[in-house]
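J.: the amino acid sequence is not available; the structure is as follows:
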């Protein structure tokens, strides 16, 4: 392979220049680099909010590449076919990408690697999305961790390589291949008017991600452990959005958190634990891919969750359950594309326990609505709160939204921020919900607030009875 032979780098959920092992090595090689994004068979399945957020990530990444003398090539089609075509068009010798770990992405990548190698091209998958590869962290018995706490103890003192700096320049090929136009993909079409609402609140791109991390380190990290569950407070990093799209690398975040810990910031260690919780989700999905679609604990297969959606589930989706904290969390998701982690547990518990609906209903709806949607974290989170997953809270631990509100939103600041019907003078976030939600719902801030779809005590007793009878 000579110095003029290009390397194609296929970007998926790694829209950054720094802390990118494949890009760093390609830059050091001195060979031309052809950055590529595909709207392939996996990306085509994304829900409305993730598709919109993907378009924003691509747009910002195109601008970053221009700053280092490069550009982004867009193609739509089956990944293996499009990469083979690009390799032939550009005379590339190698196609590189950062690894993915969910079953759909792995199946796609296996096909891609096989097709490329059969055609005589080099195909290499690189680390970059995780701190620790799923096969590299093992229990003393040589297996994978099925419980979080021992995994944290096993990895907390391991060395994590420092992040690579962003390359200053990328060598361009002699001739650029043709590219689709991002607008032609119409990734925002299904979002309709909601796209404008999210655009005002999303934090898109590598520079914005680094700024968000810096602000967290200078502000909330000290009290992170004590304040992170208070829904109305700006006490979390909100980096899930940027990590999900790879606009900041996990090594960058780890080393920043570690420095804060060594400097005596009280909340820094707990922040590092949350990064490893993300790793735990990825490791579980890699080793037990069925977690994305089936109960991780097979003994839950006979549990009487209902798959029927109907009017009650529609009200849950609409944020009109009549339980203010549940509704506030659901509406936050439409207005911001994000939901506070405490809110995710509360709405998940309410759906799977008070309403006795299957966790797959919630998982699929989050896939549609979250801009920080992350397949492993979403799957594990729903199974954790439902009780069917690994390291799960006992099923009989049913979150009571009223007591949760008393503890974590005592002044009802969060509830009134997002539920117009509960606020004496609704603010912009509460009113934005009616612009963000589907037109077909026909909702208005003048609608009366509904009565609860299920009594909290009644729902809890029904859930416990089903658990005892399983």
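T.: In hand now; what should we look at? Not measured: the values here are computed from a predicted model.
J.: quick check: residue 337 touching residue 371?
T.: Yes - between residue 337 and residue 371 there is a contact under Cβ atoms under 8 Å: 3.3 Å. In short, each C-beta sits where N, CA and C put it, glycine included.
J.: spit out the residues that contact these two alike.
T.: Here residue 337 and residue 371 share the contacting residues 49, 53, 198, 202, 241, scored by Cβ atoms under 8 Å, 6 or more residues apart in numbering.
J.: show me what contacts residue 300?
T.: Residues near residue 300 by Cβ under 8 Å, 6+ apart: 386, 387, 388, 470.
J.: once you drop chain neighbours, what's closest to residue 411?
T.: Among residues not flanking residue 411 along the chain, residue 232 sits closest, at 7.6 Å (Cβ to Cβ, 6 or more residues apart in numbering).
J.: how close does the one you found sit to residue 226?
T.: Distance of residue 232 to residue 226, given as Cβ to Cβ, to the nearest Å: 15 Å.
J.: neighbour count for those two, which is higher?
T.: A side-by-side neighbour count of residue 232 and residue 226, using other Cβ atoms under 10 Å, places residue 232 first with 18 against 12.
J.: what residues sit buried inside stretch 85-100?
T.: 86-87, 89-90, 92-100 (16 or more other Cβ atoms under 10 Å).
J.: what is the end-to-end distance of it?
T.: Stretch 85-100 has its terminal residues 22 Å apart, counting by Cα to Cα, to the nearest Å.
J.: so for it, what's the average pLDDT?
T.: For stretch 85-100, mean pLDDT is 97.
J.: what of stretch 417-424?
T.: According to the model, stretch 417-424 has a mean pLDDT of 97.
J.: care to break this protein down by domain?
T.: As given by automatic domain parsing, the domain ranges for the chain are 1-128, 130-161+205-287, 298-469.
J.: please name the nearest non-neighbouring residue to residue 163.
T.: Leaving aside its chain neighbours, residue 163 sits nearest to residue 19 (3.5 Å; criterion: Cβ to Cβ, 6+ apart).
J.: residues near the one you found, how many?
T.: Neighbour tally, residue 19, other Cβ under 10 Å: 25.
J.: one more: residue 277?
T.: 17.
J.: hmm, residue 148 and it touching each other?
T.: Yes - using Cβ under 8 Å, residue 277 makes contact with residue 148 at a distance of 6.3 Å.
J.: I'd like the distance between the residue lying closest to residue 17 once chain neighbours are set aside and residue 149.
T.: Counting by Cβ to Cβ, 6+ apart, residue 17 lies nearest to residue 166, which is 3.7 Å off, once chain neighbours are set aside. Separation of residue 166 from residue 149 (Cβ to Cβ): 36 Å.
J.: try residue 125
T.: Residue 125 sits 30 Å away from residue 149, going by Cβ to Cβ.
J.: compare these two (neighbour count), which wins?
T.: Between residue 125 and residue 149, counting by other Cβ under 10 Å, residue 125 is the more crowded of the two (18 against 11).
J.: so what's the gap between the host helix or strand of that one and the chain middle?
T.: According to DSSP states H and E, residue 125 maps onto strand 122-126. Relative to its parent chain, strand 122-126 has a centroid offset of 24 Å by Cα atoms, centre = their mean, to the nearest Å.
J.: now for it, which elements pack on it?
T.: Here strand 122-126 touches helix 21-29, strand 94-98, helix 103-118, going by 3 or more Cβ pairs under 8 Å, 6 or more residues apart in numbering; DSSP states H and E.
J.: please enumerate the strands of the stretch 1-150 of the chain.
T.: Secondary structure of the stretch 1-150 of the chain by DSSP state E, counting those that start in this stretch: the strands cover 7-11, 33-39, 73-76, 94-98, 122-126.
J.: and the second one, average pLDDT?
T.: What it means is strand 33-39. Averaged over strand 33-39, pLDDT sits at 98.
J.: walk me through which strands that strand pairs with, and which way each runs.
T.: strand 7-11 (parallel), strand 73-76 (parallel) (DSSP bridges).
J.: let's have the ones you listed in a markdown table, adding mean neighbour count.
T.: Shown next, in a markdown table, are these (neighbours: other Cβ atoms under 10 Å):
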| stretch | mean neighbour count |
| --- | --- |
| strand 7-11 | 25 |
| strand 73-76 | 19 |
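J.: so which of those gets nearest residue 402?
T.: strand 7-11 (45.5 Å; Cβ to Cβ).
J.: which residues are in contact with that closest one?
T.: Around strand 7-11, the neighbours that count as contacts under Cβ under 8 Å, 6+ apart are 22-23, 26, 29, 31-38, 61, 72, 79, 83, 86-87, 90, 92-98.
J.: kindly report the same for stretch 183-199.
T.: Contacts to stretch 183-199, defined as Cβ under 8 Å, 6+ apart, come from residues 39, 48-49, 51-56, 74, 76, 334-337, 371, 432, 435-439.
J.: coming back round to it: which of the shared contacts of residue 337 and residue 371 lies closest to residue 13?
T.: For the shared contacts of residue 337 and residue 371, the nearest to residue 13 is residue 53 (10.8 Å; Cβ to Cβ).
J.: about what we covered before: ok, the residue nearest to residue 411 touching residue 418?
T.: No - here residue 232 lies out of contact with residue 418, judged by Cβ under 8 Å, at a distance of 9.9 Å.
J.: quick one on the thing from earlier: tell me what angle the strand holding residue 125 forms with strand 7-11.
T.: Counting by axes from the mean of the first three to the mean of the last three Cα atoms, to 10 degrees, strand 122-126 lies at 40 degrees to strand 7-11.
J.: re the thing from before, I'd like the helices and strands packed on strand 122-126 written out as a markdown table, with distance to residue 401 added.
T.: Converted to a markdown table, the helices and strands packed on strand 122-126 look like this (distance: least, Cβ to Cβ, whole Å):
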| stretch | distance to residue 401 |
| --- | --- |
| helix 21-29 | 43 |
| strand 94-98 | 39 |
| helix 103-118 | 33 |
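J.: and these, which is most packed in?
T.: strand 94-98 (a mean of 22; mean count of other Cβ atoms under 10 Å).
J.: what strands flank it, and is each parallel or antiparallel?
T.: strand 7-11 (parallel), strand 122-126 (parallel).
J.: what about the last one, average pLDDT?
T.: Across strand 122-126, the average pLDDT comes to 98.
J.: in that strand, what's buried?
T.: For strand 122-126, burial by neighbour count (16+ other Cβ under 10 Å) applies to 122, 123, 125, 126.
J.: which other residues reach it?
T.: Contact partners of strand 122-126, identified using Cβ under 8 Å, 6+ apart, comprise 1, 21-22, 25, 93-99, 109, 112-113, 116-117.
J.: again, only this time at 6 Å
T.: 21, 22, 93, 94, 95, 96, 97, 98, 99, 113, 116, 117 (Cβ atoms under 6 Å, 6 or more residues apart in numbering).
J.: need the contact list for residue 246.
T.: 13, 14, 15, 16.
J.: surely the second one touches residue 97?
T.: It refers to residue 14. No - in this structure, residue 14 is not within contact of residue 97 by Cβ atoms under 6 Å, at 8.2 Å.
J.: distance from the chain centre to the strand or helix carrying residue 276, please.
T.: Take DSSP H and E as the rule and residue 276 turns out to sit in helix 268-287. Mean-position distance between helix 268-287 and its chain equals 13 Å (Cα atoms, centre = their mean).
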